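Asks: When you get a sec, could you give me coordinates for this:
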Amino acid sequence: MRFLLDEDLNPAIAAAGRGLGLDVVSIHDIGRRRLGDREQLLFAAAEGRVFVTRNRDDFIRLTVSFYQAGEAHPGLIIVPYSLPNKDPKRIAHALKRWNDQFGSSALDYGIFFLDA
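Replies: Numbering: from 1, shown residues only. Below is the predicted model:
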């Protein structure tokens, strides 16, 4: 499974995740900050990356919109505020646990919430 972290997440999560063997990049790492939500999700889809964000409401709406339009969407993971941004290793480990559980599944349009 490949992941793209939204800019609302600490970019150190991506580095910690890569240390755990995940294929994860951050919007910060690839120079895509300050772009619109739709543009970020289109990029994630084109790259075959599950989008990881805290921006629950906007990205759930976008996921529904993508589904209704038949646009590709590799899935969405919502990071709850119970996983603090100041603890990137904790979020990376939660993403690793999620990947170990669901990583081999087809996630098209799936919306998942990361467990604290």
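Asks: For L114, the count of nearby residues, please.
Replies: By the criterion of other CB atoms under 10 Å, L114 has 17 neighbours. (C-beta placed from N, C-alpha, C; glycine too.)
Asks: swap in Y81?
Replies: Using other CB under 10 Å, Y81 is surrounded by 9 other residues.
Asks: For the closest residue in space to it that isn't next to it in sequence, give me the pLDDT.
Replies: Excluding the flanking residues, the one nearest Y81 by CB to CB, 6 or more residues apart in numbering is R54, at 6.9 Å. Reported pLDDT at R54 in the predicted model: 96.
Asks: again with L35
Replies: On pLDDT, L35 comes in at 87.
Asks: Distance of it relative to W98?
Replies: Computed as CB to CB, to the nearest Å, the L35 to W98 distance reads 25 Å.
Asks: of the two, who's got more company?
Replies: Each of L35 and W98 has its neighbours counted (other CB under 10 Å); W98 has more, 20 against 13.
Asks: Name all residues that make contact with the more buried one.
Replies: W98 makes contacts with 77, 112, 114-115, as judged by CB atoms under 8 Å, 6 or more residues apart in numbering.
Asks: mind redoing it with 10 Å?
Replies: W98 makes contact with 1, 3, 22, 50, 52, 77, 112-115 under the criterion CB atoms under 10 Å, 6 or more residues apart in numbering.
Asks: quick one: which of those sit in strands?
Replies: Within the contacts of W98, residues falling in strands by DSSP state E are 3, 50, 52, 77, 112-113.
Asks: State whether H93 is indeed within a helix.
Replies: Yes: according to DSSP: H, G, I helix; E, B strand; the rest coil, H93 belongs to a helix.
Asks: now the residue positioned nearest the centre of the chain, nearest residue through space, not along the chain?
Replies: The residue lying closest to the centre of the chain (CA atoms, centre = their mean) is V52, at 1.5 Å. Of all residues not flanking V52 in the chain, I77 sits nearest, at 4.6 Å (CB to CB, 6+ apart).
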